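A.B. asks: let me see the structure of the following:
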Amino acid sequence: MRAQNKRERSIRQKRAHLLPDWRNLGILLRALVGVNFLALCAVVAAFPLNTALQRFAESAVWVEPLLFLNLAVLALARDLLWRIPPRLAQGLTLAFAILSALLLRNGLFLLSIAPETEILRPALLSAAATVFLLLYFELRSQALSPRLEEARLSALNARIRPHFLFNSLNTVLALIRADSAGAERALENLAELFRAILKDSKELTPLSEEIALGRQYLELEKLRLGERLRVTWEIDQMSRDTLIPPLMLQPLLENAVYHGVEPLPEGGEIHVRLGRENDLLRIHVTNSKSAAENARQGSHMALKNIRQRLELFYDMEATLEIRARPETWQVTMTLPCRRSLLSVFE
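C.D. replies: Have a look, this model is predicted:
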């Protein structure tokens with residue numbers, strides 16, 4: 001059972017398939033843009049430029065309903081299509097696209113919207129657009145091969161680790177002479193943090209472990225900053241076994257300490273709030289805002305790193321937003337709530 005759970009939590013568990021995840025927002029947007037672009041190109045090639053836009057608007061009468069119908073069916077049938085051989089799944093996708101185009105064309109003809117002469121044209125155009133999309137997503141899947149993505153993710157995690165370990169060791173060094181007991185507690189916390197961050201970066205982490213890691217890090221910083229660092233936690237009632245990528249919360253907390261609280265002579269406050277809204281997990285980290293003349297101008301490496309890792313795991317389904325307020329900075333990370341994760345690795 002433990003081995004099975006470990007396999008489910010591993011981001012190597014994404015099933016490699018020629019068909020994309022039709023329930024992913026990024027995939028849907030690419031399909032919408034691609035099909036409409038092809039429709040526009042076909043109209044421009046067939047009609048004069050002065051009437052092309054009007055013809056494109058007229059073609060939307062059957063292009064848009066057909067497109068949304070196909071995407072909806074593919075999203076509902078995603079798991080079923082992934083269980084059959086890839087080429088057969090592609091063939092079924094193409095066949096449904098042609099059949100739905102014929103049915104829609106006949107329906108529009110009965111409503112006197114489509115002319116009688118256009119019998120096979122919608123089906124041929126639908127087939128061409130479907131073949132183009134299937135080829136595009138297949139080539140994209142090959143370009144984003146598991147080995148390349150795994151190497152990229154490992155490199156991103158490697159950037160966080162030395163930065164975090166360096167700051168933590170400086171904290172311990174600062175306490176050795178002034179507070180030996182505090183230094184001992186710091187080393188104990190640091191050992192636990194090392195164990196957490198040196199785990200396999202391709203293993204998903206329960207939300208409860210990320211919260212515990214964040215608390216340990218803030219306790220370590222509080223030994224150094226004392227009363228200058230004030231932390232409040234607000235965690236809504238939700239499942240803490242939700243799986244998220246590792247090292248997502250701790251870099252946000254480290255950023256809040258280093259750029260927000262530490263430069264202020266009087267210190268500041270960090271407020272951490274975690275909550276669930278429908279199927280989305282939202283993590284808010286708010287910290288006191290240092291004065292402009294005291295603000296540290298960093299490279300924002302941690303935030304860029306998190307954005308890139310979110311893109312690798314979730315494509316466009318996750319976001320990272322920064323809001324500047326008069327006295328605070330707030331970073332909000334939004335990602336899907338899942339008990340398991342289909343990822344880019346096999």
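
A.B. asks: contacts only, for Leu19.
C.D. replies: Leu19 is in contact with 74, 78, 81-82, 86, 89-90, 93, 134, 137, counting by CB atoms under 8 Å, 6 or more residues apart in numbering. In this view, the C-beta of every residue, glycine as well, is placed from N, C-alpha and C.

A.B. asks: how about CSV for those residues, with pLDDT and neighbour count added?
C.D. replies: Listed next are those as CSV, based on pLDDT from 0 to 100; neighbours: other CB atoms under 10 Å:
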residue, pLDDT, neighbour count
Leu74, 89, 23
Arg78, 86, 19
Leu81, 87, 19
Trp82, 85, 16
Pro86, 83, 14
Ala89, 87, 21
Gln90, 87, 20
Thr93, 88, 21
Leu134, 87, 19
Phe137, 85, 21
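
A.B. asks: narrow these to those in helices?
C.D. replies: The members of those that map onto helices under DSSP state H are 74, 78, 81-82, 86, 89-90, 93, 134, 137.

A.B. asks: which of the residues you listed sits closest to Phe194?
C.D. replies: Trp82 (38.5 Å; CB to CB).

A.B. asks: circling back to that earlier point, possible to save the contacts of Leu19 as TSV with distance to Leu29?
C.D. replies: What follows is these, written out as TSV (distance: CB to CB, whole Å):
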residue	distance to Leu29
Leu74	14
Arg78	16
Leu81	20
Trp82	21
Pro86	23
Ala89	22
Gln90	21
Thr93	18
Leu134	17
Phe137	13
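
A.B. asks: which one of those is nearest to Glu188?
C.D. replies: Scanning the contacts of Leu19 for proximity to Glu188, where the rule is CB to CB, the winner is Trp82, at 46.0 Å.

A.B. asks: how about stretch 88-99: buried residues?
C.D. replies: 89-90, 92-94, 96-98 (16 or more other CB atoms under 10 Å).

A.B. asks: contact partners for the residue nearest to Leu134 when sequence neighbours are not counted?
C.D. replies: Excluding the flanking residues, the one nearest Leu134 by CB to CB, 6 or more residues apart in numbering is Gln90, at 5.4 Å. Each residue near Gln90 by CB under 8 Å, 6+ apart is listed here: 18-19, 134.

A.B. asks: including distance to Glu254, could these go into JSON lines?
C.D. replies: Below are these laid out as JSON lines (distance: CB to CB, whole Å):
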{"residue": "Leu18", "distance to Glu254": "40"}
{"residue": "Leu19", "distance to Glu254": "39"}
{"residue": "Leu134", "distance to Glu254": "43"}
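
A.B. asks: nearest to Arg30 among these?
C.D. replies: Nearest to Arg30 among the contacts of Gln90, with distances taken as CB to CB, is Leu134, at 12.4 Å.

A.B. asks: my guess is Arg55 meets Ala45, correct?
C.D. replies: No - Arg55 sits out of contact with Ala45 when judged by CB atoms under 8 Å, with a separation of 10.9 Å.

A.B. asks: comparing the two, which residue is more hemmed in?
C.D. replies: Per other CB atoms under 10 Å, whichever of Arg55 and Ala45 has more neighbours is Arg55, with 17 against 8.

A.B. asks: so how far is Ala42 from that one?
C.D. replies: Separation of Arg55 from Ala42 (CB to CB, to the nearest Å) stands at 9 Å.

A.B. asks: packing partners for the host helix or strand of Arg282?
C.D. replies: Arg282 is part of strand 280-288 when elements are defined by DSSP states H and E. Applying 3 or more CB pairs under 8 Å, 6 or more residues apart in numbering; DSSP states H and E, one finds that strand 280-288 makes contact with helix 249-256, strand 268-277, strand 328-336.
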